[in-house]
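Engineer: quick one, structure for this:
(2 chains)
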Amino acid sequence: MNRPSWRRLLATVAPGAFWLVVFSLLPTLLILYASFLQRGPHGWLSGPLTLVNYARFFGISSSGFDPLYLNILGRSFLLGIVTTVAVVLLGYPFAFFIARSRHKNLLLLLVVLPFWTNFLIRVYAWIVIFQRRGVLNALLTYLHLPTLHLYPSWTAVYVGTIYTYLPFLILPLYASVEKVDWTLLEAAYDLGAGRVRGFWHAIFPQTLPGLVAGVLLVFIPALGTFVISDLLGAGKAILIGNVIQQQFGGSRDWAFGSAAAFVLMALVLLGLWLYARRAGESGMGELL
Amino acid sequence: MEQRRLFKGKRTRTPVGDAIVRLSGVSKRYAGGTLALNDVSLEVRAGEFFSLLGPSGCGKTTLLRILAGFEEPDSGRVEIAGVDARGLPPYRRPVNMVFQNYALFPHMNVCANVAFGLRMKRVPEDELRQRVAWALELVDIEQLAQRRPHELSGGQRQRVALARALVNEPEVLLLDEPLGALDYKLRKQLQVELMNLQEELGITFVYVTHDQEEALVMSDRIAVMRAGRIEQLDFPEAIYERPATAFVAQFLGTSNLIRAAYAGERLLQTPLGKLRVARPVKTGERYLISIRPEKIRLSREPIHRENTVRVRVDDIIYTGAENQYLLEAAGTELVAYTLNSDIQEPGFEEFDYDEYVYAHLPAENLVVIDEPA
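Structural biologist: As a prediction, the model looks like this:
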């Protein structure tokens, strides 16, 4: 490569590279480093390097195996998976409904509208709905049905998480659905496919980039959520996000928090890597 | 050249020449209120290359989509290979379509695209592989089997679309302006290939086009459509030589249209004077006379025959192979083409601007159209 094109490369790549290095790579490395340190006497990080944080996370200690944190991690994955599945089941048909509707813009506006209200307020609104003398129970009483005690509960956490992340699936998926070439469906029909196979072979693959993007945008944040579980679980629904938040906050054990965060990140990256390997190069393109 | 045959060696079930597609009184109105098809009846014969020709919006694509099963007619009867097609979904019809923009599946390679129809019909893997290989060879793209559609040129995509349809061995192949997106040279080449394929395989082609030259070159028969109706259905030569309406005369090639009224049994009064015509005309009726530009004989010397008018050369357009003369006589404009340096035409002449010459309009080349002017 000759000089001018080197310069051009530098000019185009440098700002982004600088940003990524300073705000993404360096902090990640710092957390990785911190996860091998220990909590000092005044809550500061101190040496020497050790593996105790990871041992504690995986429940390995001299007094035996304690899966406390692994259970919490499992709960978080369950929440992430259930949320993602629910959001796909709700959002996939809805994205088609928007794309084929005459009132596209209005419907899109309605999808985005919740973002105009602060996230915390929207979660508090679910408390208002779910609490003992809340909106839902008022309605049930009016209908002469038994009342429900949904706040605080895991049900409330699940509903709140699904509600919060639904738009994050719909928006990228809609972008794909809107571009769908419907003549491919006609081609599939023409070649002998019925409705189900026609959709599966001609339409579904076209929506895959949007679906993958949406699933990642939902699954990863849902996995690490702590605000929703904190509020709708009233401090009793503990997820991995809550653990990490506590370590960096109240417990002031940054070393252990770093280790927990790093395990979570490693698992997510491992999942992405496995997916990309299975989907091959095209899958990699969809991820990026 | 090696004779190519259908994979199974079978021809269509309908004997060649019998009607394989029958439409009677088919009408279709779209939600917006436009009448796309207005009481169309026609028959396509087995084994023929049948073209639907017309300007955009004439209903030709709607007609094709009704045959494919993508649209249902509001009224009328559609019969394909002896079966009433009413309510028959596209996947149960013995037809396949080559789409205007090919509609290849972008996430599948060429091989999978071509195999798709057979997969849907659950053809055994062995036969499937052989038939796909046959189809790829048929359109000469064996070497592209592993490519994705986005890695192909327009002409190559066209071939894939063709192979994907033909591999199913349809009774009728529907083609929706398949060459529309290609450049002129490639179009010419693919026209010939399509004609050869059609002839060798003996599959009935229903071909939609707005290109009159394409239709004339390729078709066994042409239906010229306009505003949801068939204006004329005939052999290409008949449509060109004996247009039934002014629209057909002008849509296919160029035509001089002259207003005319009864002046005798085979005589019409026109702005150019009285012209003798080949068929009897009725008193009181109004007519249009159509004559093709290349059928007008020009001469500097007086021609002492009937139907000769003295005209002024208004403009000359040189197009290479032809000279096109814009002529003017008694306020009427005529267009006449003469071949350049015509060695087969004794007494060939070239004329100058504003020169007065004689134009002979032979009675046998005057087409009388019953139409109020």
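Engineer: contacts for stretch B:215-226, please.
Structural biologist: B:42, B:45, B:48-55, B:58-60, B:63, B:191, B:194-195, B:207, B:209, B:230-236, B:239-240, B:247-248, B:251-252 (Cβ atoms under 8 Å, 6 or more residues apart in numbering or on different chains). Placement of C-beta: from N, CA and C, glycine included.
Engineer: typed the wrong thing, it's stretch B:264-280
Structural biologist: Contacts of stretch B:264-280 (Cβ under 8 Å, 6+ apart): B:258-263, B:281, B:287, B:289, B:306-307, B:309, B:329-332, B:361, B:363-364, B:366, B:368.
Engineer: if we can go back for a sec, got a quick PyMOL command for the buried subset of the contacts of stretch B:215-226?
Structural biologist: In PyMOL, a selection of the buried entries from the contacts of stretch B:215-226 looks like this (16 or more other Cβ atoms under 10 Å in any protein chain shown):
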select buried, chain B and resi 42+45+48+49+50+51+52+53+54+58+59+60+63+191+194+195+207+209+230+231+232+233+234+236+239+240+247+248+251+252
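Engineer: show me which of the contacts of stretch B:264-280 are buried.
Structural biologist: B:258-260, B:263, B:281, B:287, B:289, B:307, B:309, B:329, B:361, B:366, B:368.
Engineer: greatest separation within these: which pair is it?
Structural biologist: B:V281 and B:A329 (21.8 Å; Cβ to Cβ).
Engineer: the helices in the stretch 1-150 of chain B, which residues?
Structural biologist: B:60-68, B:110-120, B:125-138 (DSSP state H, counting those that start in this stretch).
Engineer: next, count neighbours for B:L275.
Structural biologist: 23 (other Cβ atoms under 10 Å in any protein chain shown).
Engineer: and for A:I31?
Structural biologist: 17.
Engineer: part of a helix, is it?
Structural biologist: Yes. The assignment for A:I31 is a helix, going by DSSP: H, G, I helix; E, B strand; the rest coil.
Engineer: measure it to B:A223 for me?
Structural biologist: Distance from A:I31 to B:A223, counting by Cβ to Cβ, to the nearest Å: 74 Å.
Engineer: likewise B:N256?
Structural biologist: B:N256 is 25 Å from B:A223, by Cβ to Cβ.
Engineer: sorry, back to before: in TSV: the helices of the stretch 1-150 of chain B, plus mean pLDDT.
Structural biologist: Shown next, in TSV, are the helices of the stretch 1-150 of chain B (pLDDT from 0 to 100):
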stretch	mean pLDDT
helix B:60-68	95
helix B:110-120	96
helix B:125-138	94
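Engineer: A:G257: which of those is closest?
Structural biologist: That would be helix B:110-120 among those, by Cβ to Cβ, at 49.4 Å.
Engineer: which strands and helices lie in contact with the closest one?
Structural biologist: Helix B:110-120 is packed against helix B:125-138, helix B:154-166, with contacts defined by 3 or more Cβ pairs under 8 Å, 6 or more residues apart in numbering or on different chains; DSSP states H and E.
Engineer: please repeat the previous calculation with a cut-off of 10 Å.
Structural biologist: helix A:183-190, helix A:195-198, helix B:125-138, helix B:154-166 (3 or more Cβ pairs under 10 Å, 6 or more residues apart in numbering or on different chains; DSSP states H and E).
Engineer: Throw those helices into TSV and include mean neighbour count, thanks.
Structural biologist: Listed next are the helices and strands packed on helix B:110-120 as TSV, based on neighbours: other Cβ atoms under 10 Å in any protein chain shown:
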stretch	mean neighbour count
helix A:183-190	24
helix A:195-198	15
helix B:125-138	17
helix B:154-166	23
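Engineer: out of these, which comes closest to B:R77?
Structural biologist: helix A:183-190 (21.6 Å).
Engineer: report the secondary structure state of B:R305.
Structural biologist: Assignment for B:R305 (three-state DSSP): coil.
Engineer: Provide the backbone phi and psi angles at it.
Structural biologist: Note on B:R305: backbone dihedrals following degrees, to the nearest 10 are phi -140, psi 170.
Engineer: that one contacts B:A359, correct?
Structural biologist: No. B:R305 is beyond contact range of B:A359, at 11.3 Å (criterion: Cβ atoms under 10 Å).
Engineer: so between the two, which is more surrounded?
Structural biologist: Taking other Cβ under 10 Å, B:R305 and B:A359 do not tie; B:A359 has more neighbours (21 against 13).
Engineer: just confirm the more buried one is within a strand.
Structural biologist: Yes. Per three-state DSSP, B:A359 lies within a strand segment.
Engineer: thought A:P114 was touching A:Y165?
Structural biologist: No. The pair A:P114 and A:Y165 fails to qualify as a contact (Cβ under 10 Å) at a distance of 11.1 Å.
Engineer: for residue 100, give me its contacts.
Structural biologist: Chain wasn't specified; assuming chain A. A:V177, A:E178, A:V180, A:W182 (Cβ atoms under 10 Å, 6 or more residues apart in numbering or on different chains).
Engineer: hmm, no, I was thinking of chain B.
Structural biologist: Applying Cβ under 10 Å, 6+ apart, the residues near B:Q100 are A:T183, B:T61, B:L64, B:A161, B:L175, B:D176, B:E177, B:P178, B:L179, B:G180, B:A181, B:V208.
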